[in-house]
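Asks: Turn this into a structure:
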Amino acid sequence: MRISELSRRSAVPTATIKYYLREGLLPPGRATAATQAEYDETHLRRLRLVRALIGLRGLSVSATKEILGAAAAHAGERHQVLGLVVGARPADEDAPPPAPAPGAAEVDALIDGLGWEVSAHAPARAVLGETLETLRSLGEEVSPDALRGYAALAERTAALDLDQLDPDADPLDQAESALLRTILFEPALLALRRLAQENESARRNT
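Replies: You can find the predicted model right below:
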């Protein structure tokens, strides 16, 4: 397809596509003339992933380029590629783990107790620890039993998430799908929780 068709099908302006090409976020098309090239479905899929990383994850162009480069270096390693794209693993594997955040010891103990395999770089570690510390400072304590219960629900949710990915798809396609489902479906998960809370409250009130 011509770049105009790529733009139409991706809903990305031609000028933006040309910028991504110059920055190396998209591979060059097949040259058909001195100033013309053709693009295929691979370019369309890559463009969608670039837009998801920049628009949904809020990454800069340089960070997106770094992640895509790291993902390409691990082509075929689905777990690694998925972690890179959704932000659970750093593009630089040699980067030192971040400094311990508030509540880090509690989160480490939870993860170890559950037997989960989670990267030391995972931002969710800090988010969980800081949230628990904030609740505690406001007089709201989440008991270890309740925390393990929530973790069990999260584990089931994660299994459902990954069960919906096409096992035969390219790792980058899987990562794009996981990224979209993770970010776009999170409000739906919150809505389901609210509905379930209302139902449970009504059930206990009868």
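
Asks: Mind jotting down where the helices sit in this protein?
Replies: 3-10, 14-23, 41-55, 61-73, 78-86, 104-114, 123-137, 144-163, 171-204 (DSSP state H).

Asks: deepest of those helices, which one?
Replies: The highest mean neighbour count among the helices of the chain, using mean count of other C-beta atoms under 10 Å, belongs to helix 78-86: a mean of 21. Backbone N, C-alpha and C define where each C-beta goes, glycine included.

Asks: CA atoms only: put it into CSV for me.
Replies: The C-alpha trace of helix 78-86 is given here as CSV (Å, rounded to 0.1, in the frame of the first residue of the first chain):
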residue,chain,number,x,y,z
ARG,A,78,7.1,-14.0,24.3
HIS,A,79,7.3,-13.4,28.1
GLN,A,80,10.2,-10.9,27.7
VAL,A,81,8.5,-9.0,24.8
LEU,A,82,5.2,-8.8,26.7
GLY,A,83,7.0,-7.5,29.8
LEU,A,84,8.8,-4.8,27.8
VAL,A,85,5.7,-3.5,26.1
VAL,A,86,3.4,-3.4,29.1
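
Asks: what's the closest residue to residue 23 other than its chain neighbours in contact with, if anything?
Replies: In space, and not counting its chain neighbours, residue 23 is closest to residue 61: 5.7 Å by C-beta to C-beta, 6 or more residues apart in numbering. By C-beta atoms under 8 Å, 6 or more residues apart in numbering, residue 61 lies in contact with 20, 23, 25, 54.

Asks: possible to save the helices of the chain as TSV with distance to residue 93 and mean pLDDT?
Replies: Below are those laid out as TSV (distance: least, C-beta to C-beta, whole Å; pLDDT from 0 to 100):
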stretch	distance to residue 93	mean pLDDT
helix 3-10	31	92
helix 14-23	23	94
helix 41-55	19	89
helix 61-73	8	86
helix 78-86	9	85
helix 104-114	20	94
helix 123-137	16	93
helix 144-163	22	94
helix 171-204	17	91
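
Asks: Cheers, nothing more for now.
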